[in-house]
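# After the sequence you'll find the predicted model.
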Amino acid sequence: MKPLLAAVLLAAVSGCGKSEPPRDPLETPEYRSWKGGQIMRQLPAANFAPTTPGKVEIFPPEARTKTPGDFCELYVNGERVGRFNTGKLPDGSFPRNAFEFTFLAGPNTFDLWDTTSNRYYRESVDTRQCVHFQCIPTADGYEIKWVDRKVPDLDK
């Protein structure tokens, strides 16, 4: 019994001195807070809920990119669609990414996190109006453009 107790105690103590692996410096407290809040945006939907195909194109923020590890991450209705690098590629070009996925029919929300501005950009969208969006970098963030909107003057 004593050798078993000693083995358990030795195993418990051996893990105490180990530290966590270092975090990605681009995963800032603001990023972790934003990512942790995505669960609240998840929309309940049954498997038979009507869906429609959608697309989000994300152009890299070339002027703001500081490190090769810079990234953007996209969530739709609290579900992760993808994360991609926005840093300069070895050939000197910048990646351009497009995500195709399914929206729920009707109102949806998509969130884009950008490490170069350390901010998120949220857009409430309605599939009855548009299903194709472009995230275009500006001097300090992103502009979200609705492509082929069914009612072009809706915002006026």
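Sure thing, it's come through.
# could you measure Thr65 against Thr138, distance?
14 Å (CB to CB, to the nearest Å). In short, each C-beta sits where N, CA and C put it, glycine included.
# When those two are compared, which one has more neighbours?
More crowded of Thr65 and Thr138, by other CB atoms under 10 Å: Thr65, with 18 against 11.
# Let me know the helix or strand that that one is in.
Element membership for Thr65, per DSSP states H and E: none, as it lies in no helix or strand.
# for Pro25, same thing?
Using DSSP H and E, no helix or strand contains Pro25.
# Run a quick neighbour tally on it.
Per other CB under 10 Å, the neighbour tally for Pro25 reads 9.
# Do you know the pLDDT at it?
Turning to Pro25, the model gives it a pLDDT of 73.
# residue contacts, it?
For Pro25, no residue meets the contact criterion (CB atoms under 8 Å, 6 or more residues apart in numbering).
# what do you get for Ala98?
Contact analysis of Ala98 by CB under 8 Å, 6+ apart lists Lys55, Val56, Glu57, Ile58.
# helix/strand/coil for it?
strand (DSSP: H, G, I helix; E, B strand; the rest coil).
# Write down the beta-bridge partners of it, one by one.
For Ala98, the beta-bridge partners under DSSP bridges are Glu57.
# what does Glu143 give?
Glu143 forms beta bridges with Ile136, as assigned by DSSP bridges.
# what's the spacing between it and Asp24?
Using CB to CB, Glu143 is found at 27 Å from Asp24.
# Test my guess that Glu143 contacts Phe133.
No - at 10.6 Å, Glu143 and Phe133 do not qualify as touching, with contact defined as CB atoms under 8 Å.
# the more surrounded of those two?
Taking neighbours as other CB under 10 Å, Glu143 and Phe133 compare with Phe133 leading, 21 against 11.
# That one: what's it in contact with?
So Phe133 contacts Gly54, Lys55, Val56, Glu57, Phe110, Glu123, Val125, Ile144, Lys145, Trp146, Val147 (CB under 8 Å, 6+ apart).
# Can you select the buried ones among these for me in PyMOL?
Buried subset of the contacts of Phe133, written as a PyMOL selection, criterion 16 or more other CB atoms under 10 Å:
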select buried, resi 54+56+57+110+123+125+144+146
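# the helices in the chain, which residues?
Per DSSP state H, the chain carries helices over the ranges 2-14, 29-36.
# And the shortest one, what does it pack against?
The elements that helix 29-36 packs onto, with contact taken as 3 or more CB pairs under 8 Å, 6 or more residues apart in numbering; DSSP states H and E, are strand 107-114.
# Nice, that's everything, thank you.
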